[in-house]
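Trainee: Here you go, sequence then predicted model.
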Amino acid sequence: MKAKIAVEWKIGPIEGAVTTTAGSLATTIVRGNGKSEGDRFSTDGNPVRLEVTVETEEPNRLPAILVKIDTQQHPFSFFLSDVNKGYPIYIPAYGVAVTQAEDDRTYEQIELDIKAKNLITNLQRIEEEPEESYENAAAHTRKLASQTWLGLSRDVRIFGVGFRGVGGEERLWDWVQPRFHGFEAKLSENEDKPVCYRYMLGRGVGCVEGIARRLEDGTLPILHASISDNDVVYDTVSFVSYESSPLNADTLSGTHYLAADGFGHFHMLTEEQTALREQILPQELNRDEETVLYFRAVATNNAKVPRYAWFKNVVPNAFVLNDDKQYEFDGDNGFARYSEDRVFCVSKLGGQPLRMEEMAVLLPPGASVAFEFFLPHRPISRERAEGLSRQSFEERWTECRAFWREKLSRAASIKLPEPRIEEMVKAGLLHLDLVSYGLEPGGTIVPTIGVYTAIGSESSPIIQFMESMGWNDVAERALRFFLDKQHDDGLMQNYGGYMLETGAALWSLGEHYRYTRDAEWVVRIKDHLLKAFDYLEKWRDRNKTEALRGKGYGMLEGKTADPEDPFRSFMLNGYAYMGLSRLAEMLRNVDPGDSARIEAEAQAFKADIRQALFAAMANSPVVPLADGSWVPTVPPWVEHRGPLAVNGEGGKWLTHGSVATRDSLLGPLYLVFQEVVRPDEAAAEFMLNYHHELMCTSNVALSQPYYSIHPWVHLKRGEVKPFLKAYYNGFAGLADRETYTFWEHFWHASPHKTHEEGWFLMQTRWMLYMEDGEERLNLLPGIPSKWLESGNVIELDGIATYFGSVSLRVESHLDRKEIVAKIVCRSDRKPNTVSIRLPHPEGTIPASVMGGTYAVARQTVLVERFDGKAEIALQFD
């Protein structure tokens, strides 16, 4: 079979070669002066048309045949089967088009014909649409309800709580499940299997859901739920406190980080760490008192006639049938127990011990009755149960509320015109804290992620958002986890064989230094840092072989995420480079010699990654966009040609619910975030465009979307509308809309996934403030313009930045045609330049600006030579 194609360039001269993955080829210069011989060609003028004949004995060959136009400038590849005169391969960034040989149009003619269709890319379409909002996003995204995790923070003894199928359809009743973080608590009475306690409010599960849930204050880990059963409404409150001790910062003891680490799925411990964990685990699990789930349901009759309220007491492992063979009920005391001295629940009705397991109470109109149960994490003795029964629900509730509010009081304050986002910021910080385990007051903390243990990569947004909110001490203790568990050879590895943790952890350590500038801390951990560098340097040296020239020379190979892909991935190497770059920065004033040595290695590493990136881009097929143009692509690792999802070289790439997972979530776009590729480079734009059109819906990546870093890239490029499209559709579809708990995936995998929530919180942080280099702070770079409607206020008080603590207050008085802002930074390392974006809701340009220079394109006021305070006023006609 012969295929004849034509390559049209806008401008010459052009010199290069043509290669193909199958068959033989010949080249002929049809337009322009030059010569061709075999696969090589050269021209010395305009216009330029090269015709290529590809001959193969396999007309239906799979994988598809790739043809590469290998020129010194702008080399590119394409699938031979993609060449079609009806839809030419048109690459305006390179000034080249590929069509069938029978199509005699020049490049300019092809370009005019395509532009005449007035097509636009999907990202351009977003720019033309109104800004995205939560309401619009929620109308068409999935609505995922999640179980709620309740606990004390630091203490691994937590509880999962849900109602009638929320958190898993097998949980038919209302339910509570004790957990040791990622693992459900097991009991000897249940053959050492997990136990789930179920109870029922009202008559049962019917055709009307009738459930509404909310966190106390919209933010605290105290769960409120309302269940409507016709005329009777059951208003519930659930929270966790201690069995007998008061709950406050002084009494919080926590769990040793190694004990907690082992309760995270896919944890990795050395033999020494395993031995130490086995030694401390008995004392960690057998404390003098348990954590307790305190629950109250108040049933109220809203009818004008008497109505019954029904209550079914807590039962272990009940499902369809009410199986009471595992336990017994003591109606004199309201105790549910496995044996006389193994009480698993204390229940009350109307303030008195619950007399029967199932109660129907006739309530007069407007009357209420309270059903309470106190469920210890593991069964307790009769004597302790009697003490627990004397606890006051109200007092415990007040105490718990004060405990969590006190935590929030130590964080930066963020007040926004959109209450949902403001609540999600506060609730999110506490969600992160809830599953960050360690001994108080100052022990190492394991920053876990959902049911899993900590990972250097996935824990990074958790730690860095804590930094952003001023919790630098908590962040430092979480970073200590990676240092304490570092291997003797310098490797940091805590989860499932992942090989990217060392670089990612160094990056987070470097971010902590940027926030704190704590040189004494750097000195204390210097040996750990240098060991990590030695490990990465030796790893690189193993890959500096001549066989890898142009194929990933000097790049690290290894598993990056769950799939067993031991390749030289861009994400793995980008994190390692960024980690080394931050390490050199940390040592600059502490150890200038080592800093210079590490910086030199980091820059050489960056050069190797970039060389591999552009070689991979040249070898990968271009793909079409919605405007009729085509753009180059990049594979997730150097060993492949093109996105795996297009199956250019075959293979089975579907994983975690999507064919695009490796390309999108672990792909080369990370190199922009990892400071290898500049946001304004053409390569960044190429990757953004094909990523959006091939791998996103509503600008949200498929499956585990918060692994995709493109929202950050949009913000860095000043693309606010695409950012907001990704931002709102991301959390509207993945987070519980009532309790703000995040799932890992859209298909109900892994509840309370703080990695996803951490990235949402960091996106919010970047939307509100984002540093640009070592001298500039950008404020409000991504906020929706509707936040500045008349009467709205944005207030950031004590936010933590690379330049120290910053406060901002913006008031919109558009009723009198004015927006004002006040910025304060009292740090001695304040930024030289501050920019603040103040978008008018209708896009109006201000008539006058006081306090800075206004940039129309980005609706931004620039304050140069910032002295620590700035007052800005925008006046509109």
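Mentor: Received, thanks.

Trainee: Please state the offset of whichever strand or helix holds Ala576 from the chain centre?
Mentor: Using DSSP states H and E, Ala576 sits within helix 570-587. Centroid separation between helix 570-587 and its chain, computed with CA atoms, centre = their mean, to the nearest Å, is 20 Å.

Trainee: Please name every helix or strand in contact with that helix.
Mentor: Applying 3 or more CB pairs under 8 Å, 6 or more residues apart in numbering; DSSP states H and E, we find helix 570-587 packed against helix 501-516, helix 519-542, helix 592-619, helix 670-673. Placement of C-beta: from N, CA and C, glycine included.

Trainee: The second one relative to helix 501-516, how many degrees between them?
Mentor: Compare the direction of helix 519-542 with that of helix 501-516 by axes from the mean of the first three to the mean of the last three CA atoms, to 10 degrees and you get 150 degrees.

Trainee: per-residue confidence averaged over the helix holding Ala576?
Mentor: Averaged over helix 570-587, pLDDT sits at 98.

Trainee: just stretch 466-484 next, same as before
Mentor: Mean predicted lDDT for stretch 466-484 stands at 98.

Trainee: Stretch 714-723 too?
Mentor: The average pLDDT within stretch 714-723 is 98.

Trainee: what about it, start to end distance?
Mentor: End-to-end distance for stretch 714-723: 6 Å, by CA to CA, to the nearest Å.

Trainee: Give me the distance from it to the chain's centre.
Mentor: 17 Å.

Trainee: Next: stretch 376-390.
Mentor: From the chain centre to the centre of stretch 376-390 is a distance of 40 Å (CA atoms, centre = their mean).

Trainee: for stretch 743-751, same thing?
Mentor: 12 Å.

Trainee: same thing with stretch 25-45?
Mentor: Here stretch 25-45 is found 50 Å from its chain centre; the criterion is CA atoms, centre = their mean.

Trainee: wait, doesn't Phe533 sit right on Gly490?
Mentor: Yes. Applying CB atoms under 8 Å, one finds Phe533 in contact with Gly490, separated by 7.4 Å.

Trainee: Neighbour count for those two, which is higher?
Mentor: Between Phe533 and Gly490, Phe533 has the larger neighbour count (other CB atoms under 10 Å), namely 23 against 20.

Trainee: list the contacts for that one?
Mentor: When contacts are counted by CB atoms under 8 Å, 6 or more residues apart in numbering, Phe533 touches Gly490, Leu580, Leu583, Ile598, Glu601.

Trainee: repeat for Gly202
Mentor: Ile227, Asp229, Val232, Tyr234, Ala309, Trp310.

Trainee: most surrounded residue in those residues?
Mentor: When neighbours are counted by other CB under 10 Å, Ala309 leads the contacts of Gly202 with 27 neighbours.

Trainee: so it sits in a strand?
Mentor: Yes. Ala309 sits within a strand when classified using DSSP: H, G, I helix; E, B strand; the rest coil.

Trainee: How about it: what's its closest non-neighbour residue?
Mentor: Nearest non-adjacent residue to Ala309, counting by CB to CB, 6 or more residues apart in numbering: Ala299, 3.7 Å away.

Trainee: Do I have it right that the one you found meets Leu363?
Mentor: Yes. With contact defined as CB under 8 Å, Ala299 and Leu363 form a contacting pair (6.8 Å).

Trainee: Between the two, which contacts overlap?
Mentor: Applying CB under 8 Å, 6+ apart, one finds that Ala299 and Leu363 are jointly contacted by Val232, Ala309, Val369.

Trainee: Just put those residues in CSV and tack on pLDDT.
Mentor: Shown next, in CSV, are those (pLDDT from 0 to 100):
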residue, pLDDT
Val232, 98
Ala309, 98
Val369, 98
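
Trainee: Closest one of those residues to Ile89?
Mentor: Val232 (67.0 Å; CB to CB).

Trainee: re the thing from before, Ala299 and Leu363: which has the busier surroundings?
Mentor: Taking other CB under 10 Å, Ala299 and Leu363 do not tie; Ala299 has more neighbours (26 against 19).

Trainee: what's the spacing between that one and Asp231?
Mentor: Ala299 is 11 Å from Asp231, where distance means CB to CB, to the nearest Å.

Trainee: repeat for Asp772
Mentor: Distance from Asp772 to Asp231, counting by CB to CB: 59 Å.

Trainee: And those two? Which one has more around it.
Mentor: Each of Asp772 and Asp231 has its neighbours counted (other CB under 10 Å); Asp231 has more, 17 against 14.

Trainee: Just list the residues touching Val672, thanks.
Mentor: Counting by CB under 8 Å, 6+ apart, Val672 has contacts Arg678, Pro679, Ala684, Met687, Ile709, Trp712, Val713, Lys716.
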